[in-house]
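**Q** Just the structure for this:
(4 chains)
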Protein chains: 2
Amino acid sequence: MNIGEIAKRAGVSRSTVSYALTGKRPVSEETKRRIQAVIDELGYRPNAAARALKEGRTRTIGLVIPPASQRLTDMQLGFVASVVDAAARADLDVLLSPSGGEHDRSFERVVTGRRVDGVILMEIRLEDDRVARLLESGPPFVGIGRTRQPEDMSWVDIDYETLIAKCVHHLADLGHRRLALVNRNAELVAAGYGPGHRAQAGFDRAVAERGLHGVRVCCADDAQAGQSCLRQLLADHPELTAIATINEAAVPGIYRTLAEAGLTVPGDFSIAGVAAQHWAENLHPPLTAADVPADEMGARAVELLIQRIADPATPHRHLLIAPPISLRATTGPARPRA
Amino acid sequence: MNIGEIAKRAGVSRSTVSYALTGKRPVSEETKRRIQAVIDELGYRPNAAARALKEGRTRTIGLVIPPASQRLTDMQLGFVASVVDAAARADLDVLLSPSGGEHDRSFERVVTGRRVDGVILMEIRLEDDRVARLLESGPPFVGIGRTRQPEDMSWVDIDYETLIAKCVHHLADLGHRRLALVNRNAELVAAGYGPGHRAQAGFDRAVAERGLHGVRVCCADDAQAGQSCLRQLLADHPELTAIATINEAAVPGIYRTLAEAGLTVPGDFSIAGVAAQHWAENLHPPLTAADVPADEMGARAVELLIQRIADPATPHRHLLIAPPISLRATTGPARPRA
DNA sequence: TCGATTCGTCGAACCGATTCGCTGAAGATA
DNA sequence: TATCTTCAGCGAATCGGTTCGACGAATCGA
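**A** The predicted structure follows:
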């Protein structure tokens, strides 16, 4: 069931079949019909590998995700979903590559074996080996997130620094004077995870500007961790009245500890964060947060990537996203504690 | 940077380079070293498409997921993660294909273009076009889930019928006489989604066996829906004291409505379900549930698939999983209401 | 009526690997 | 010394498409 077989049965040459299929040269209507009839009858599809070999492109993009073992956050899931969706709309397939940990063979294969026409990279560090590897010898790529030298690459990112600063200002406007930043997990931040550092910077800046008292803690990315993290925090700093956070996965746990401690939200305690819109809305109570349009960001990343694939000489483009804060049910006027 | 270039620089023929790399024929140590040196210097990797073309296999498997637009449940996420993980361990890449809705081109490409050596299919219906398509002319495949004729294919599945029956028996043992089954979303069930129908069957059977009063409802797969679904349920059936469910995503919403109605869990109301272990543990309160080992099931599916790829004549294998119910914090003795 | 265009098609080269059959040299055996 | 193995390596064919140059027939203009 290859092109030669089709050609033979239709009584034409292989090249004619190819032209009939791709439309790259004119073929008479009559011949086209005959070829199509044979194709339909035999259920023929061109072999993707052969086509890729000759054309030099695979019509596939790679999506590098955090190691599969760790649960993806709702935001990350939104990125993946929208990338897959946008790629499908552009008739591109998506090859998944978990990176980090033991899976570096997978990354190498994807990047270097010309298996994909381009790559979308998630969960980028300020200094990122994978970015270096791709820049040095790899296909075009686009980051969801950016490194310390963001001019060298194309990316779509969330402006965590500005957004966390806005959260702090919002809380300060409500009268909160003592607040904490709940960051993502300590290893990630220690490894130079961009959003973690930028959120810290934004927090520090806003706290200084408003003359507030600020505390920063890291917290693993799940509800259990959020619960114990906040217990510790309340024990160490009983004067706190508000939290800003980029750790959406921890929020349910934060709610639990507050309830446990008899603190109402937003009566006794306020929370503002940065989270996927879908997640913020579905929490109970709904989280006052900068609504990250995860569903849109993946699509944007795919757009940028398609451009770079078409013309790798295109100047890099950057999309720094700072959605407004949606006031929901978790922030209110400060009421002094203790 | 192809094999010819390497051969030239190492002063050998292309076939010798190939044999040195694959080890399929002996090559002298000295020659191997020379070739390796050139490869390291140039950073050469064999072109995946050329290799796939000649070898007739792609070292890639397809993973067909529900349309990306809808949020994956925690269990589905567990399947995806463990499939990706197991595939990476076997040096296989994973091509993602959202199926259903508008994405059928993607499914066709994956199945028919010989882009993958095998396919893992999720979210299978009792009558499933995609299974028919694969059986008729497609690569080997394994289902996570099964059709009405489960002998025709290899699969790994959860024994929802038995598990929901066990939940009902467990609740009956605790004295509950009037209970409801919260199923997954209505469209899915109407479309013949296997777990939905099997859960109903198990529920009906157990309810009949124990002479209970049972109600069945469908509910979309998210917390909001769970919340409103349970409101309706309590309004229509104020006598209910327990719920069995396969809809893990709805559980947080169920909790909310119960709290809203002033019903304590498990004091006033009990809940038992089937859910990914990770999810059941992280809920608050932790859900009494049959702990689906999602992380293991994906790995098993990959194992089965690798066997089928190696020898498509292998008899089909089936893995029906019925984990024990872990008693956590959501079931207790019945206390009659109203 | 002759040369130039256009149209539809063909044949061959090519993409980059793998693999089969063969050959020449070195070592073993008689 | 002649013959038989074994070992390393080479050259050519092959996988299934795409693409370039060429070619014959029909159409057109002069």
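
**Q** middle-most residue in chain A, spatially?
**A** Centroid-nearest residue in chain A, with CA atoms, centre = their mean: residue A:79, separated by 4.1 Å.

**Q** can you give me the strands for the stretch 51-200 of chain A?
**A** Using DSSP state E, counting those that start in this stretch, the strands of the stretch 51-200 of chain A run over A:60-65, A:93-98, A:118-122, A:141-144, A:154-158, A:178-182.

**Q** Just put those strands in CSV and tack on mean neighbour count.
**A** Heads up, the C-betas are built off the backbone N, CA and C, glycines and all. Below are the strands of the stretch 51-200 of chain A laid out as CSV (neighbours: other CB atoms under 10 Å in any protein chain shown):
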stretch, mean neighbour count
strand A:60-65, 26
strand A:93-98, 25
strand A:118-122, 24
strand A:141-144, 27
strand A:154-158, 24
strand A:178-182, 24
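
**Q** closest to residue B:208 out of these?
**A** Proximity to residue B:208 (CB to CB) singles out strand A:93-98 among these, at 44.8 Å.

**Q** one step back: which pLDDT value goes with the residue nearest to the centre of chain A?
**A** On the pLDDT scale, residue A:79 is placed at 96.

**Q** And for the residue nearest to it when sequence neighbours are not counted, the neighbour number?
**A** Distances taken as CB to CB, 6 or more residues apart in numbering or on different chains place residue A:298 nearest to residue A:79, at 4.8 Å, with adjacent residues excluded. Residues contacting residue A:298 under the criterion other CB atoms under 10 Å in any protein chain shown number 26.

**Q** how much space is there between residue A:298 and residue A:81?
**A** Separation of residue A:298 from residue A:81 (CB to CB, to the nearest Å) stands at 7 Å.

**Q** What strand or helix carries the closest residue to residue A:11 other than its chain neighbours?
**A** In space, residue A:11 comes closest to residue A:34 once its chain neighbours are excluded; the distance is 7.3 Å by CB to CB, 6+ apart. Element membership for residue A:34, per DSSP states H and E: helix A:29-42.

**Q** does any part of that helix sit near DNA strand C?
**A** Yes: interface with DNA strand C: helix A:29-42 contributes A:30, A:31 (CB under 7 Å from any atom of the strand).

**Q** Give me the buried stretch members for that helix, please.
**A** Residues of helix A:29-42 classed as buried: A:31, A:32, A:34, A:35, A:38, A:39 (neighbour count, 16 or more other CB atoms under 10 Å in any protein chain shown).

**Q** Residue A:184 is in contact with residue A:217, isn't it?
**A** No: assessed by CB atoms under 8 Å, residue A:184 is found out of contact with residue A:217, at 10.6 Å.

**Q** which one of these two has more residues nearby?
**A** Neighbours were counted for residue A:184 and for residue A:217 using other CB under 10 Å; residue A:184 has more, 22 against 18.

**Q** pLDDT wise, what is that one at?
**A** 97.

**Q** Setting aside sequence neighbours, what's the nearest residue to it?
**A** residue A:247 (5.0 Å).

**Q** Burial check on residue A:238, number of neighbours?
**A** Neighbour tally, residue A:238, other CB under 10 Å: 11.

**Q** residues in contact with residue A:216?
**A** By CB atoms under 8 Å, 6 or more residues apart in numbering or on different chains, residue A:216 lies in contact with A:180, A:181, A:183, A:200, A:203.

**Q** mean confidence score for the helix or strand containing residue A:319?
**A** Residue A:319 is part of strand A:318-321, with elements assigned from DSSP H and E. Regarding strand A:318-321, the rounded mean pLDDT is 98.

**Q** separation between the residue nearest to the centre of chain A and residue B:89?
**A** Noted for residue A:79: a distance of 24 Å to residue B:89, by CB to CB.

**Q** now residue A:113
**A** 18 Å.

**Q** And residue A:283, by the same measure?
**A** Counting by CB to CB, the gap from residue A:283 to residue B:89 is 35 Å.

**Q** How about residue A:181?
**A** Going from residue A:181 to residue B:89 by CB to CB gives 37 Å.

**Q** mind listing what the residue nearest to residue A:11 touches?
**A** With CB under 8 Å, 6+ apart, residue A:34 has these contacts: A:10, A:11, A:12.

**Q** Give the buried subset of those residues as a ChimeraX selection command.
**A** To isolate the buried ones among the contacts of residue A:34 in ChimeraX, judged by 16+ other CB under 10 Å, type:
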select /A:10,12
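
**Q** ok, which of the contacts of residue A:34 also contact DNA strand D?
**A** Contacts with DNA strand D are made by none of these, judged by CB under 7 Å from any atom of the strand.

**Q** which one of the contacts of residue A:34 is nearest chain B?
**A** Nearest to chain B among the contacts of residue A:34 is residue A:10, at 19.8 Å by CB to the nearest CB.
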